[in-house]
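> give me a 3D structure for the following:
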Amino acid sequence: MLAKPTATARVTTQAVPLSYPATPEGVLKAFLEDYFQARPVYSHVGALDSYTIWSDPITPGDSWLIARKFVISRVGQSADHGVFRVKFDVVGEGNVLYEVTLKERTRTVLYNLIKTTTGWKIGEPIEFGCRSVEKELQLLEEGIAFGEQTLKHGSVQSPDTEDSLRDRLANARRSLQKLRKYRLASN
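This next block holds a predicted model:
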């Protein structure tokens, strides 16, 4: 017997887009891949909302896991419920201060999906998954470029200070170097 998700479902009146995945595996893969590839980086809630029944929008938070890959396998499925195991090949963790900590491990998460009138949706758990190594590198590079331009033009905005921005830039440069070395060593 499959466990039924306990997340509160929101009522949805939107029509399912033609490109919306038809299978529970397809929904889960699309959801995880969008976050893995950081599409779009700063508006996850709107972009990922269509894949879930979560009643409250969530944001990625102050830290996130970085992974090489993820693999989805079906644990069980009925006509209106599906349980899928996702194994993330985690390489470390990133955070909003542009710090990357490397620590390899496997993270396994069970996702419960339910069939709704608008298609398959993720019920539980309420979490995003992992960001890819390549996207984390790209986001660090973009963060460094933005921070340097901000300092150059003197456009630091409260509550930031030039010192706090310089600290984050130093973190980002160290993290970028660390993650590039990791990528080279693992290839």
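> and the helix or strand encompassing residue 112, how far out from the chain middle?
Using DSSP states H and E, residue 112 sits in strand 100-116. Here strand 100-116 is found 10 Å from its chain centre; the criterion is Cα atoms, centre = their mean, to the nearest Å.
> next one: stretch 152-171
26 Å.
> buried ones in it?
156, 165, 168-169, 171 (16 or more other Cβ atoms under 10 Å). Where C-beta positions appear, they are placed from N, C-alpha and C, glycine not excepted.
> let me see the ranges of the strands in the protein.
For the chain, the strands defined by DSSP state E occupy 63-77, 81-95, 100-116, 119-124, 130-132.
> give the pairing partners of the strand holding residue 112; include direction for each.
Strand pairing for strand 100-116, determined by DSSP bridges: strand 81-95 (antiparallel), strand 119-124 (antiparallel).
> buried stuff in the last one?
Right, strand 119-124. 119-124.
> same check, this time on stretch 64-83
Neighbour-count burial for stretch 64-83 [16+ other Cβ under 10 Å]: 64-68, 70, 77, 81-83.
> give me the contact list for it.
Residues outside stretch 64-83 that contact it (Cβ atoms under 8 Å, 6 or more residues apart in numbering) are 2-5, 24-25, 28-29, 32, 36, 84-95, 100, 107, 110-115, 120, 128-133, 136, 179, 186.
> just the buried ones out of these, please.
Here, 16+ other Cβ under 10 Å leaves 5, 24-25, 28-29, 32, 36, 84, 86, 88, 90-94, 100, 111-115, 120, 128-133, 136, 179 buried among the contacts of stretch 64-83.
> pretty sure residue 99 sits against residue 176.
No - using Cβ atoms under 8 Å, residue 99 is not in contact with residue 176; the gap is 11.2 Å.
> the two: which has the busier surroundings?
Ranked by neighbour count (other Cβ atoms under 10 Å), residue 99 and residue 176 place residue 176 first, with 19 against 16.
> who's in contact with the residue lying closest to that one once chain neighbours are set aside?
In space, and not counting its chain neighbours, residue 176 is closest to residue 140: 4.5 Å by Cβ to Cβ, 6 or more residues apart in numbering. Contacts of residue 140 were listed using Cβ under 8 Å, 6+ apart, and they are 98, 100, 172, 175-176, 179.
> if we can go back for a sec, what average pLDDT does the strand holding residue 112 get?
Averaged across strand 100-116, the pLDDT comes to 97.
> quick check: angle from that strand to strand 63-77?
Angle, strand 100-116 to strand 63-77, by axes from the mean of the first three to the mean of the last three Cα atoms, to 10 degrees: 40 degrees.
> could you check how far the residue lying closest to residue 162 once chain neighbours are set aside is from residue 75?
Take residue 162 and drop its neighbours on the chain: the residue closest to it by Cβ to Cβ, 6+ apart is residue 156, 5.4 Å away. Going from residue 156 to residue 75 by Cβ to Cβ, to the nearest Å gives 49 Å.
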